[in-house]
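Q: Kindly return the folded structure for what I paste below:
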Amino acid sequence: MEKIGSVCVRVDPRALESLGADLVTNDMVAMVELVKNSYDACASEVTVAFGHGNSSITISDNGKGMSQDIIENAWAVVATPYRLSNPTEKFNNIERTATGNKGLGRLSAARLGEKLEIITKQEGGPALLFRVIWKNLYSSQNLANGAFDLFDVSSDNLIQGHGTILKIEGLKSEWGASKIQD
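A: This next block holds a predicted model:
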């Protein structure tokens, strides 16, 4: 027997789209997943706001926020083992057992809209901003090419103290009054 090479197992970026469609079954489940992320970050306040004409959804919290390391090694890693090694979070005299561990929050954002912008800040750390345009990620040749840029926006004063702001734009469905009430 003669070895002629090695073959790497890869995941096509469209797998994320498929996972999101299969695991996040409707818009209400998607919203719950995103609010659960705020709970997991030990937020005591979460605000959900709809942009003019329901053109966007913004979810803001006063939770722990994310560091650059967390963004790179947990948020941007699908099926990360982060929650296995960090099953609880402690912040501002709040301790919670995490409700999420599969990364459905980011897939929920992809279900709801075409673009995601996140601004996040840990106490004493820089305010960080990144944007994901889902169709660009899905159409990349492989996930390694699906990079997004990370910016330090501390001087812009977008977040005071700590927390996270998610803005989802290019909504894929209508959000009428009854759906918003739900």
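Q: could you pull out the strands for this protein?
A: Secondary structure of the chain (DSSP state E): strands at 46-50, 56-61, 88-91, 94-97, 113-121, 127-133, 150-152, 163-171.
Q: can you list those strands in CSV and add mean pLDDT?
A: Output for the strands of the chain, formatted as CSV (pLDDT from 0 to 100):
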stretch, mean pLDDT
strand 46-50, 95
strand 56-61, 97
strand 88-91, 84
strand 94-97, 84
strand 113-121, 96
strand 127-133, 95
strand 150-152, 95
strand 163-171, 96
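Q: Format the ones you listed as a markdown table; extra columns: distance to Asp27 and mean neighbour count.
A: The C-beta positions use only the backbone N, C-alpha and C, and glycine is treated the same way. Output for these, formatted as a markdown table (distance: least, CB to CB, whole Å; neighbours: other CB atoms under 10 Å):
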| stretch | distance to Asp27 | mean neighbour count |
| --- | --- | --- |
| strand 46-50 | 12 | 14 |
| strand 56-61 | 10 | 20 |
| strand 88-91 | 26 | 14 |
| strand 94-97 | 25 | 12 |
| strand 113-121 | 10 | 21 |
| strand 127-133 | 18 | 19 |
| strand 150-152 | 28 | 13 |
| strand 163-171 | 9 | 20 |
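Q: which one of those lies closest to Gly105?
A: Closest of the strands of the chain to Gly105 is strand 163-171, at 8.6 Å (criterion: CB to CB).
Q: Can you give the contact residues for the closest one?
A: The contact list for strand 163-171, computed with CB atoms under 8 Å, 6 or more residues apart in numbering, reads 34, 37-38, 41, 43, 51, 54-63, 65-66, 109, 112-121, 158-159.
Q: give the contact list for the nearest residue to Glu72 once chain neighbours are set aside.
A: Nearest non-adjacent residue to Glu72, counting by CB to CB, 6 or more residues apart in numbering: Leu150, 7.9 Å away. Counting by CB under 8 Å, 6+ apart, Leu150 touches 68, 71-72, 128-130.
Q: ditto for Asn136
A: Gly146.
Q: pLDDT value on it, please?
A: Asn136 carries a pLDDT value of 86.
Q: in this structure, which spans are helices?
A: According to DSSP state H, the chain carries its helices in the segments 14-23, 27-40, 68-70, 82-85, 104-112, 134-138, 177-181.
Q: pLDDT below threshold where in this structure?
A: For the chain, the stretches flagged by pLDDT under 70 are 21, 101-103.
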